[in-house]
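> need coordinates for the following:
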Amino acid sequence: MDEQNKTVQPEAAAAPESRPLKKPAPAKDEAPRRRVGSFTLGISLIAAGILFLCYYFVPGFDWQLVLKVAPAAGLVLLGGEVLWFASHPGRWKYDFVSVLVCLLLMGVCLCMGFVPLIAEQYGPERQQTANRLSQTYTDTLYQDLKAEAPDVQLEDVYTDLYLYTSTVQDLADLEPGDGNLRLTVTLFGPYASADDFAKDCRTVADVIQKQAVQPNAVTFRCDAPLPADSTVRENLDSASAPQTQDYLLEVSGTTQLDWTAEQMARQTEVSGLLDEENTDSDEAEEAAETEDAEETEAPSSMDGSGLSGTRSD
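All right, here's what the predicted structure looks like:
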């Protein structure tokens, strides 16, 4: 028994020495952080390249529609990427440079989408179309006036057309909300009264109402020329000659264009040449009286100063 114990004890004593030591498990590699915005930036750059290729090689490619849709599509894509990373736990962070570049591309697309609108609003094409249609309307109206109202003496017919859209290419396409058409008709005088002037205006208005496109406003005027003879001018100053007058009538819309000659005569503005001359002469007389009064006061003040100077001596 003792021997056995002696043999067993060394084995028991040696057992702890023969056990292998456990090595600590190696630490797992940390997962790389995902950058939110890099995916959207990559898709945006690829889409921009594809759109450029389509613009150059695809006939009839609607690049204006693409520029209008691109900012909204970019925002949807970037928002979807943010939601996906937020719903999946992990190590991620925002890539501010990528997000900034994406927003910059969206802003450029948005600004380029407004370029066609600005070009349509202020471009030369629409103004050229308006000038062409104005000239066409003027020529047509003048020919109709010569044929239907030969007794009316016309000095000038001027058409001013302002288009709100570039889709109008012909007068037949002009709708009431597509532009503003204003007409100015200058008549030769002189007229003895506003009634005679209104009769010719009524005759011209009848021809205007037969046109395919009705103007928004019409201005009738008759400017009496100033007399060139000095003797006539002297007679005008002395009110011994008949008064020469200017007439002006403005009508707006179809309702006022339907006025009768009597109604037009009541709305006609009459300005007389003698009234203007008398106004100028009255102002000149007042100025002369003021100068005479100043000159009268000036010598009296000088005399007073001379007396005071003598007394001081």
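> output the lowest mean pLDDT helix or strand found in this protein.
helix 2-18 (a mean of 50; mean pLDDT, DSSP states H and E).
> burial of residue 167, as a residue count?
12 (other CB atoms under 10 Å). The C-beta positions use only the backbone N, C-alpha and C, and glycine is treated the same way.
> from memory it sits against residue 177, does it?
No: in this structure, residue 167 is not within contact of residue 177 by CB atoms under 8 Å, at 11.6 Å.
> can you pull out the strands in the stretch 151-300 of the chain?
With strands called from DSSP state E, counting those that start in this stretch, the stretch 151-300 of the chain shows them at 154-163, 179-187, 217-222, 245-252, 269-272.
> got JSON lines for those, with mean pLDDT, distance to residue 100 and mean neighbour count too?
As requested, those are arranged in JSON lines below (pLDDT from 0 to 100; distance: least, CB to CB, whole Å; neighbours: other CB atoms under 10 Å):
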{"stretch": "strand 154-163", "mean pLDDT": "92", "distance to residue 100": "41", "mean neighbour count": "16"}
{"stretch": "strand 179-187", "mean pLDDT": "93", "distance to residue 100": "44", "mean neighbour count": "19"}
{"stretch": "strand 217-222", "mean pLDDT": "94", "distance to residue 100": "53", "mean neighbour count": "20"}
{"stretch": "strand 245-252", "mean pLDDT": "91", "distance to residue 100": "54", "mean neighbour count": "19"}
{"stretch": "strand 269-272", "mean pLDDT": "84", "distance to residue 100": "64", "mean neighbour count": "13"}
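> need these in a markdown table with distance to residue 108, can you?
Below are these laid out as a markdown table (distance: least, CB to CB, whole Å):
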| stretch | distance to residue 108 |
| --- | --- |
| strand 154-163 | 30 |
| strand 179-187 | 33 |
| strand 217-222 | 43 |
| strand 245-252 | 45 |
| strand 269-272 | 55 |
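> how about low-confidence regions in the stretch 201-313 of the chain?
225-244, 273-313 (pLDDT under 70).
> try it again at 80.
224-244, 272-313 (pLDDT under 80).
> just the element for residue 104, please.
helix 96-122 (DSSP states H and E).
> average pLDDT for that helix, rounded please.
Averaged across helix 96-122, pLDDT comes to 79.
> residue 140 and residue 211 touch, don't they?
Yes: in this structure, residue 140 is within contact of residue 211 by CB under 8 Å, at 7.1 Å.
> stretch 252-269 spans what distance, first to last residue?
15 Å (CA to CA, to the nearest Å).
> ok, and what's touching it?
Residues outside stretch 252-269 that contact it (CB atoms under 8 Å, 6 or more residues apart in numbering): 194-195, 197-199, 201-202, 205, 208-209, 214, 216-218, 247-249, 251.
> what do you get for stretch 112-123?
64, 67-68, 71, 126, 165-166.
> what's near enough to touch the closest residue to residue 180 other than its chain neighbours?
Excluding its sequence neighbours, the residue lying closest to residue 180 (CB to CB, 6 or more residues apart in numbering) is residue 162, at 4.7 Å. With contact taken as CB under 8 Å, 6+ apart, residue 162 is in contact with 130, 179-180.
> with distance to residue 145 added, can I get these in CSV?
Converted to CSV, these look like this (distance: CB to CB, whole Å):
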residue, distance to residue 145
130, 22
179, 22
180, 22
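> give me the neighbour count for the nearest residue to residue 109 once chain neighbours are set aside.
Sequence neighbours aside, residue 70 is the residue nearest to residue 109 in space, at 4.1 Å (criterion: CB to CB, 6+ apart). Residues lying near residue 70 (other CB under 10 Å) number 21.
> residue 70 - that's part of a strand, no?
No: Residue 70: not assigned to a strand; according to DSSP: H, G, I helix; E, B strand; the rest coil it is helix.
> ok, now which ones touch it?
If you count contacts by CB under 8 Å, 6+ apart, residue 70 has them with 47, 51, 105-106, 109.
> what's the farthest-apart pair in those?
Distances among the contacts of residue 70 were taken as CB to CB; the most separated pair is 51 and 106, at 13.6 Å.
> neighbouring contacts of stretch 186-196?
Here stretch 186-196 makes contact (CB under 8 Å, 6+ apart) with 152-158, 197, 200-201, 204, 220-224, 244-245, 247, 261-262, 265, 268, 270.
> what's the answer for stretch 203-216, then?
137, 140-141, 144-145, 148-149, 151-152, 159, 171-172, 174, 180-183, 185, 187, 218, 220, 251-254, 257-259.
> next, count neighbours for residue 115.
11.
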